[in-house]
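A.B. asks: need a 3D model of the sequence below.
(2 chains)
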Amino acid sequence: MTITTVPEPVLAPSTTPRRRGGGRRGQGWAAFFFLIPWGAGIVLLTVGPMLYSLYLSFTSYDLLSAPEWVGLANYELMLADPRFWKSVRVTLVYVVVFVPLLQVVSMLVALLLNSRLRFLTGYRALFYLPSLMGASVAVAALWRQVFGAEGLVNAVLGVFGVEGVGSWVGDPNRALGTIIGLNLWAFGSTMIIYLAGLRQVPRELLEAAEVDGASRLRRFFSVTLPLMTPLAFFNVLMGTINAFQSFTGAYVVSGGTGGPVDSTLFYTLYLYERGFTQLQMGYASAMAWILLVVLAVVTGLFFRSSRYWVHYGDES
Amino acid sequence: MNRFSRRTTVLGVGVLTGVLLTTSGCLNGGGGAAQVSDGQGEVGGNIQIAWWGGESRNAKTNAVVEMFTEANPGVTTETQSADYAQYFNRLNVQAASQSLPCVVQMQDRQVNDYTKRQTLMPLDEMVASGAIDTSQIPPAVLDGGRGSDGKLYFIPYGIAWDALVVNTTLAEETDAGAPPEEWDWPTFVEYLRTAQKGLPEGKYAAPAGGQLQNTFYAWAVAHGIEVFNAEGKLGFTEAQLKEFWTMWLELQEEGVSLPPDMAAEEPPGADQGYLATGTTMVGALPGNALYVASQTLEGTDSGGELVSRRYPDGPAGIGNILVASGFGIAANCDNVPTSAAFIDFFTNDLEAGVGFAADNGAPTNTAVLEALTGSDSELPELKRAELEQYEAIVADNPPKVNYPPGFNAVFQQSFQRNYNEAAFGRQSVDDAVATFFAETNASLG
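C.D. replies: You can find the predicted model right below:
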């Protein structure tokens, strides 16, 4: 490796007389001035409310009267609250099932769309379309109809002679599965990232492996997949963070209750219920801070683990 | 450079502290004594008006608002509406930032959540000064707008009541036949069992009544059981709730009432529920929803006719309770005279009342009620039947339930969820009852 030294540019002496008090300090203030909009935004809209919510987490605050300092009471209540633990369990099951499923489905569709099919652009647009609607309120409302006792899914099953299946969204053993299906449907964004990555895989590497007698499956696992790990890292990390904060689908499908019998009581849904329905904003703030800490730890663990499974092409 | 960094740091900390102090100031609620006003003064300027309801009520309320502004040329209005559940969530956020609309719709089930925090203005002085006329409202009905401190916080303009609505077309295909005019609980349960035997597959005689809080109130008051005690806690015992839930769990077991998975996915709203679509033969609906449910049922393949019956009577008498809805004034309101004038107009103007067509229950104003039930009324027949049922219930002097603060936040969800824990077989009925008591009593009062 050679190191090239770049000579410092020679500056011509300025012909403009400098003002007293100008120069570096003046530029510093100018920079500060231009940073004010960003700074104000981050202080007013992010850091300020965050710190205030941290304060609220140590208070009893019903939104309608002044907060009252209660120390760690909200955190202690949380540990003893069975519904808090139910929401943790539902969210963890969702994260553990949904995130890997999303990666597998997205990768499979990306592989399919990376082939030489006719009307490929049309297919790509078609597969990406659900992501534009995502797990929106309209789609979630539709989901309720599709997975109802007399919905489309049971009608299709009836054609194949499967009768008496009952409601999917109304059965606590299946309701979470329908939410996973609902959110999985919007796989387009993850798929597009994988598709972009697949198109960057050097052809010569795949051809060399083929010449060496590697099967299609072997080429995928030994050449394509390792080269895709930086993208997988990004997708898994973002997918996990989003999954921990999942809200809309469960809110609409369960009518805001997390039902039936708390089977879709996502963490954020319970946080919302505590804050805005039960008017316990102190408790809700404490829940929000626990979620923040958990997400920080999970993100840290992902970065720590990445050295073992993420391979960058330029690594020696 | 170090000096600059220090300055920047100091400045940053200062700004942040300012933000926190400002934010905390903004978010702190009232806390002090609620304002009192006699509502007298110039009627003009702008007021915000908020209510809950669907499309039909929005259209009718907007029409009344328009009539008010036409009658008061100096007044402008801004209106907000949302469905029932979202309405109160939004109200809570607005109350937190002291930006409640001047005129807010209230119900006796929620009012104490707001009076406890002094976010509503007492209206007694406005009534005394004549700014709001309540002379056409029977005193017992007006009391529906009082908080637990005895002060008047909203003027009820509509009274809703829950009724048992029966699909007589289905019922007459069974041995049960048309429902009697009045019944008690054993007769009612037997009626359902008889009907179920003659119903086609996929139809149910009854809804999942164990999860319906209004059905429980009806059962409780008919049995002389106090729903909430003077301390604002649950007034009934665990054994009493167990008896009620067991009755419905047995009906579910026998296939007479809706299975819990179907009940869990029942669409909200009387016009979309299972009674309106012909899946259940009996439904527990607000009495003023008979008309809209009938309209939906008429449009289904099976069709059918609906009739409304009062809840079963019990040893203590009538089981029906009344729910009052009306408008109040927010404590942060800066245009009290105009707000008072609007409430007075909405409650008392005959043309406005007739145009509103009892959309949120029977009109509390006796003159409006008479105009709607009179022989020259243009109200549809079923709508008139609703109002006649209201008059019959009122004549029996139904008991009043005093809903404590915290009711809206916890009771309903906890009641439904814990019943379903037993209905899905996830908990014994004893455990479900115990959990409900622990959850609810912790939040009430």
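
A.B. asks: interface residues of chain A facing chain B?
C.D. replies: Within chain A, the residues that sit near chain B (Cβ under 8 Å from any Cβ of the partner chain) are A:25, A:28, A:32, A:39, A:43-44, A:47-49, A:51-52, A:55, A:62-67, A:144, A:148-149, A:166-167, A:169-172, A:255-257, A:259-262, A:273, A:276-279, A:281. All C-beta atoms are positioned from the backbone trio N, CA, C, and that covers glycine.

A.B. asks: in helices, which of those fall?
C.D. replies: Using DSSP state H, A:R25, A:G28, A:F32, A:G39, A:G48, A:P49, A:L51, A:Y52, A:Y55, A:R144, A:M281 are the members of the residues of chain A next to chain B that sit in helices.

A.B. asks: which one of those is nearest to chain B?
C.D. replies: A:G48 (3.9 Å; Cβ to the nearest Cβ).

A.B. asks: distance of the closest one from A:G41?
C.D. replies: Separation of A:G48 from A:G41 (Cβ to Cβ, to the nearest Å): 10 Å.

A.B. asks: the two - which one has more neighbours?
C.D. replies: Neighbours per residue, other Cβ atoms under 10 Å in any protein chain shown: of A:G48 and A:G41, the larger number sits with A:G48, 22 against 11.

A.B. asks: can you check the pLDDT for that one?
C.D. replies: Per-residue confidence (pLDDT) for A:G48: 93.

A.B. asks: what's the answer for A:G22, then?
C.D. replies: 57.

A.B. asks: same question, B:P101
C.D. replies: Taking B:P101 on its own, its pLDDT is 96.

A.B. asks: which stretches of the chain have low pLDDT?
C.D. replies: Chain wasn't specified; assuming chain A. Where chain A drops to pLDDT under 70, the residues are A:1-23, A:133-137, A:140, A:313-316.

A.B. asks: if you could check chain B rather than the one you did, that'd help
C.D. replies: Checking chain B against pLDDT under 70 turns up B:1-34.

A.B. asks: quick one, strands of the stretch 201-316 of chain A?
C.D. replies: Applying DSSP state E, counting those that start in this stretch to the stretch 201-316 of chain A gives no strands.

A.B. asks: can you list the strands that the top strand by length along chain B pairs with?
C.D. replies: Longest strand in chain B by number of residues (criterion: DSSP state E): strand B:154-167. Taking DSSP bridges as the criterion, strand B:154-167 forms sheet pairs with strand B:282-286 (antiparallel), strand B:306-309 (antiparallel), strand B:322-329 (antiparallel), strand B:362-363 (antiparallel).

A.B. asks: tell me which of those is the most buried.
C.D. replies: strand B:362-363 (a mean of 28; mean count of other Cβ atoms under 10 Å in any protein chain shown).

A.B. asks: give me the contact list for that strand.
C.D. replies: B:157-160, B:288, B:353, B:356, B:369, B:372, B:386-387, B:390-391 (Cβ atoms under 8 Å, 6 or more residues apart in numbering or on different chains).

A.B. asks: make CSV out of the strands paired with strand B:154-167 and add distance to B:Y204.
C.D. replies: Below are the strands paired with strand B:154-167 laid out as CSV (distance: least, Cβ to Cβ, whole Å):
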stretch, distance to B:Y204
strand B:282-286, 9
strand B:306-309, 16
strand B:322-329, 26
strand B:362-363, 30
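
A.B. asks: that older thread, list buried residues within the contacts of strand B:362-363.
C.D. replies: Burial by neighbour count, judged by 16 or more other Cβ atoms under 10 Å in any protein chain shown, picks out B:Y157, B:G158, B:I159, B:A160, B:N288, B:G353, B:F356, B:L369, B:L372, B:E386, B:L387, B:Y390 from the contacts of strand B:362-363.

A.B. asks: for A:V156, state which of the residues you listed is nearest.
C.D. replies: B:N288 (39.3 Å; Cβ to Cβ).

A.B. asks: closest one to B:D271 among the strands paired with strand B:154-167?
C.D. replies: Comparing the strands paired with strand B:154-167 under Cβ to Cβ, the one sitting nearest is strand B:282-286, at 9.9 Å.

A.B. asks: helices along the stretch 1-150 of chain B, start to end?
C.D. replies: Listed in chain order, the helices of the stretch 1-150 of chain B (DSSP state H, counting those that start in this stretch) span B:2-27, B:55-71, B:84-96, B:111-115, B:124-129, B:139-142.

A.B. asks: contacting residues around the second one?
C.D. replies: In other words, helix B:55-71. B:49, B:51, B:53, B:75-77, B:79, B:81, B:292, B:341-342, B:345-346, B:349, B:351-352, B:355-357, B:359-360.

A.B. asks: and the buried ones among these, selectable in ChimeraX?
C.D. replies: Remark: buried members of those, expressed as a ChimeraX selection using 16+ other Cβ under 10 Å:
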select /B:49,51,53,75,77,81,292,341,342,345,346,349,352,356,357,359,360
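
A.B. asks: quick revisit: and which of the contacts of strand B:362-363 is nearest to chain A?
C.D. replies: Chain A has its nearest neighbour among the contacts of strand B:362-363 in B:A160, at 20.8 Å by Cβ to the nearest Cβ.
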